[in-house]
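Peer 1: Here is a sequence together with a model predicted from it:
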Amino acid sequence: MRAVIQRVKSSSVTIDEEMIASIGFGLNVLLGIKEDDTEADMDYLIGKILNLRIFDDQDGKMNESVQDVGGEILLLSQFTLYGDCRKGRRPSYFRSGPVNLAQEKYHLFVEKFKKATSLSVQTGVFQADMAVSLVNDGPVTILLDSEKMF
């Protein structure tokens, strides 16, 4: 399981010109799922995302988590995080989970994430053609991969 975490001043998702989710200050999280991801992968990423100290403290040092600052979170599925570009010019997505399995795991991830925090958590729509707008803060962008948890 992979996640791209972006510290944002705001972020929103629009589908067919209708805004379906929006947050203010917090994190925009793109989540890639592969077939053999487990609940352990989910728990690892949830813990990391909620506790990453990537927000400034009163001294201007990145020393606070999204929970410490009371931020909001926008979670979006993003199968292209498993795009393999080593051969040819078109990415291969063979490591991305099959759609039905990935959707099931995405919804479980969202459910577990919401249970793990009292923060506002918004989501996109799985497999929808989404227009994502954000104002990156910093910019601060972090890549997490549960395969690298140890």
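Peer 2: Yes, it's here.

Peer 1: buried stuff in the longest helix belonging to the chain?
Peer 2: Looking across the chain with DSSP state H, the single longest helix is helix 99-116. Residues of helix 99-116 classed as buried: Ala102, Lys105, Tyr106, Phe109, Val110, Phe113, Lys114, Ala116 (neighbour count, 16 or more other Cβ atoms under 10 Å). Every C-beta, even on glycine, is put in place using the N, C-alpha and C of the backbone.

Peer 1: Which residues are in contact with the fifth one?
Peer 2: It stands for Val110. Contacts for Val110 (Cβ atoms under 8 Å, 6 or more residues apart in numbering) come out as Leu75, Val121, Thr123.

Peer 1: of all the residues you listed, which comes closest to Leu143?
Peer 2: Of all the contacts of Val110, Leu143 sits closest to Leu75, with 15.8 Å by Cβ to Cβ.

Peer 1: what residues are up against the spatially most central residue of the chain?
Peer 2: Within the chain, the residue whose C-alpha comes closest to the C-alpha centroid is Val29; the distance, by Cα atoms, centre = their mean, is 2.2 Å. Residues near Val29 by Cβ under 8 Å, 6+ apart: Ala3, Val4, Ile5, Gln6, Ile49, Ile73, Leu74, Leu75, Leu76.

Peer 1: Narrow those to those in strands?
Peer 2: Ala3, Val4, Ile5, Gln6, Ile73, Leu74, Leu75, Leu76 (DSSP state E).

Peer 1: between the longest helix of the chain and strand 72-77, how many degrees?
Peer 2: If you take axes from the mean of the first three to the mean of the last three Cα atoms, to 10 degrees, helix 99-116 sits at 170 degrees to strand 72-77.

Peer 1: pLDDT below threshold where in this protein?
Peer 2: 150 (pLDDT under 70).

Peer 1: which residue ranges form the strands in this protein?
Peer 2: 2-15, 18-23, 26-32, 55-56, 62-64, 72-77, 121-123, 131-145.

Peer 1: Of those strands, which stretch is the most buried?
Peer 2: strand 26-32 (a mean of 25; mean count of other Cβ atoms under 10 Å).

Peer 1: nearest spatial neighbour of Leu108, skipping sequence neighbours?
Peer 2: Met42 (6.8 Å; Cβ to Cβ, 6 or more residues apart in numbering).
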